[in-house]
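Chemist: here is my input; please provide its structure:
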Amino acid sequence: MSKRIAALLPWLLVSPLFVAALFGLFACHAPRSDAAREPAELVYEFERVPAGVRVSASARGAAGDTEWTLPADWAGNDTPDQDLGTVSAEDERGRPLSHGHPAPNVWVVHSERDGLQSVRYTLARNEHLSSTVHTDHYRPIVTPGLFHVLGGRTLLVPSSLPRDRDVRVRLHWRGFDRPGEAVATSFGCGKSELDFFARVDDLQHAVYVAGELVLERREVHGEPVYVAVHGKRWPTSAAAFADVAARIVESERAFFDDWEYPHYLISLVEAGPDARGSQSIGGTGLHDSFAMFVSPGTQLAPTGPDDAGAKRVLHVLAHEMFHHWCGGVITPEAPEELAYWFTEGFTDYFTRRLLHRAGLYRPEDFAEHVNEKLAGYYGSTVREAPAERIRQDFWNAPAVSSLPYQRGDALAIELDWAIRRASGGERTIDDWIRGEFRVARERARPFTRDELFASIAAAAGSETAELVREVAEGGKLLPPRTDWFAPCMTHVTAQSGVFDLGFDFDATRVANVVSGLRAGSAAERAGLREGDRLGGWTVSFGDASRPVKLTVLDGANPRELEFLPCVDPRDVPSFRLVGGADCGPSSGV
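Modeler: Next up, the predicted model:
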């Protein structure tokens, strides 16, 4: 997502957890720094202290009041001050300055004279890293071995600094120099001090991580891509993950022929409870970086066709990277939620497409992902909700949150189909979005929705543009086509509906004992009973078209149960691979 958190719902797998110890250190290069050391306009210091990490932010202020702010609503968070503790302020001589806190994201510092002023606050040690609530992982993580923060939740900036140009920034680290420790940020990696130029918005849309890390470096088109991995229970080495990540970075940059990146960082943190059989994957794209949170024991790179967990990791990574272009350079006008069908749905579509072309998705994986998204869209209880409903309820209604991803993916399938036919097979949706990227760089402003629909009309015809508008904004159900992927895949009919697991999973996973089983549910009809002990499970939360598989421990003979977690089933379009058929771009793949 652009400047928002994208986190997949938890995916639960039957495979057991493994333990892998990752050790080592790779030195990073610091970002560009001019030879002349003129004063920085903004200075940050992260200092490890017994209570956690003390943050100091310093800048020059004028006599009177200076506002220091966080984003008012970063990733749906309406309490931006919840983790900062007590904020204090002082002048360049260490004398206290009076200050107030008139809004959750605003601190006002008063000074009688011009001069340097500093605000300080301590991020206390916390349990966010092990929380079962995945949104806690995006809050500041402060443990004895890890400091991981996102700027939008952490870094106060003075509102007086310009937003339309780079400012000079210095960043100091104190106390993160124990053996095996390192530091890394969206602006470079190194020890003790970084000196760089950045825009204020990019400072807050960035990741800052220090502590027990394995750092790997790869070259993509001659420029560094760094991977910072924290955790010791991965079955995949940091090196193997870095190899796959670099392939994704290279494939997406090559797609747009866009190579002007002096530095890129991926932080990967082992987050969530160490619960056998469960997996949660989340992440967010940031300035020249990506922050990822994955449950312990997850496979990070595919080793075989059944590595579903690794494929989910790759999908999240590729999805968020693609947002640099779709939602980043190609930016919609506000409110951005009205264009989530494009920025989120089209991004999911291209994620699948590019992973397949990079050899990280097999044709079977491609088909499975298509069917998953179509089942989610056509089986959704809110599938005809207009864009305004998405704007209002995206952050508080799970079915509404999923809709723009599902609807937009289907619209991208339709648009590619229409472009191929309008051009006689000479052009595809690839050509169209690359054109949008070139236009966006020259325009250097957000696009209006009318401009987007006009571009679609130019590429695929006015009838297609009108259909896309009716579906995307008005909520009309997109009529499915049997030849969307001909001749690569043939159309079949499947069933999907409202997802219903049939028992209380949160209570069940505590002791792996079935709790809250509902009478008459598909789970009960499959043979599950209250109090059954579970040895493993495979659940795709929110996807009513994919069967749930449970291993029930029943003496010496475990029982395998399988059922469709679906109520109110309805027919949905689905596609099956045709052996030996052309599965290239001309077939929509």
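Chemist: longest helix anywhere in the protein?
Modeler: Longest helix in the chain by number of residues (criterion: DSSP state H): helix 398-422.
Chemist: pLDDT on stretch 169-184, on average?
Modeler: With pLDDT averaged residue by residue, stretch 169-184 scores 94.
Chemist: now do stretch 567-577
Modeler: 88.
Chemist: list the buried residues of that stretch.
Modeler: 572-575, 577 (16 or more other C-beta atoms under 10 Å). Yep, even glycine has a C-beta here, placed from its N, CA and C like the rest.
Chemist: likewise stretch 344-363?
Modeler: Residues 344-358, 360-361 are the ones in stretch 344-363 that count as buried (16+ other C-beta under 10 Å).
Chemist: pLDDT weak spots in the stretch 401-550 of the chain?
Modeler: Within the stretch 401-550 of the chain, no stretch has pLDDT under 70.
Chemist: try it again at 80.
Modeler: 495-498, 509-510, 540-546 (pLDDT under 80).
Chemist: can you pull out the helices in it?
Modeler: Taking DSSP state H, counting those that start in this stretch as the test, the helices found in the stretch 401-550 of the chain are 429-443, 449-460, 462-472, 505-511, 522-525.
Chemist: now do the stretch 101-250 of the chain
Modeler: In the stretch 101-250 of the chain, the segments counted as helices under DSSP H, counting those that start in this stretch are 200-204, 238-256.
Chemist: wait, which of these is closest to residue 332?
Modeler: helix 200-204 (16.5 Å; C-beta to C-beta).
Chemist: which secondary structure elements does the closest one sit against?
Modeler: strand 157-158 (3 or more C-beta pairs under 8 Å, 6 or more residues apart in numbering; DSSP states H and E).
Chemist: can you pull out the strands in the stretch 101-250 of the chain?
Modeler: 106-111, 115-124, 141-142, 146-150, 157-158, 167-174, 181-185, 188-189, 193-198, 207-212, 214-220, 223-230 (DSSP state E, counting those that start in this stretch).
Chemist: how about the stretch 251-400 of the chain?
Modeler: For the stretch 251-400 of the chain, strands defined by DSSP E, counting those that start in this stretch occupy the ranges 264-270, 278-279, 281-286, 289-294.
Chemist: who's in contact with the longest one?
Modeler: Applying C-beta atoms under 8 Å, 6 or more residues apart in numbering, the contact partners of strand 264-270 are 129, 137, 141, 146, 148, 184-186, 189, 207, 209, 220, 223-234, 238, 241, 245, 249, 288-296, 300, 317.
Chemist: sheet-wise, list the partners of that strand with their directions.
Modeler: Strand 264-270 pairs in its sheet with strand 223-230 (parallel), strand 289-294 (parallel), by DSSP bridges.
Chemist: for that strand, give the mean pLDDT please.
Modeler: 94.
Chemist: what do you get for the last one?
Modeler: Mean pLDDT, strand 289-294: 93.
Chemist: okay, the strands paired with strand 264-270, which one's buried deepest?
Modeler: Most buried of the strands paired with strand 264-270 by mean neighbour count (mean count of other C-beta atoms under 10 Å) is strand 289-294; its value is a mean of 26.
Chemist: the inter-axis angle of it versus strand 281-286?
Modeler: 170 degrees (axes from the mean of the first three to the mean of the last three C-alpha atoms, to 10 degrees).
Chemist: the longest helix of the chain to helix 429-443, inter-axis angle?
Modeler: Using the same axes, to 10 degrees, helix 398-422 lies at 100 degrees relative to helix 429-443.
Chemist: quick one: helix 398-422 to helix 462-472, angle?
Modeler: 170 degrees.
Chemist: so which bits of helix 398-422 are buried?
Modeler: Per 16+ other C-beta under 10 Å, helix 398-422 contains these buried residues: 399-420, 422.
Chemist: before we move on, what about stretch 127-142?
Modeler: Result for stretch 127-142 [16+ other C-beta under 10 Å]: buried residues 128-131, 134, 136-142.
Chemist: low-confidence ranges, the stretch 201-350 of the chain, go.
Modeler: In the stretch 201-350 of the chain, residues with pLDDT under 80: 273-279, 303-309.
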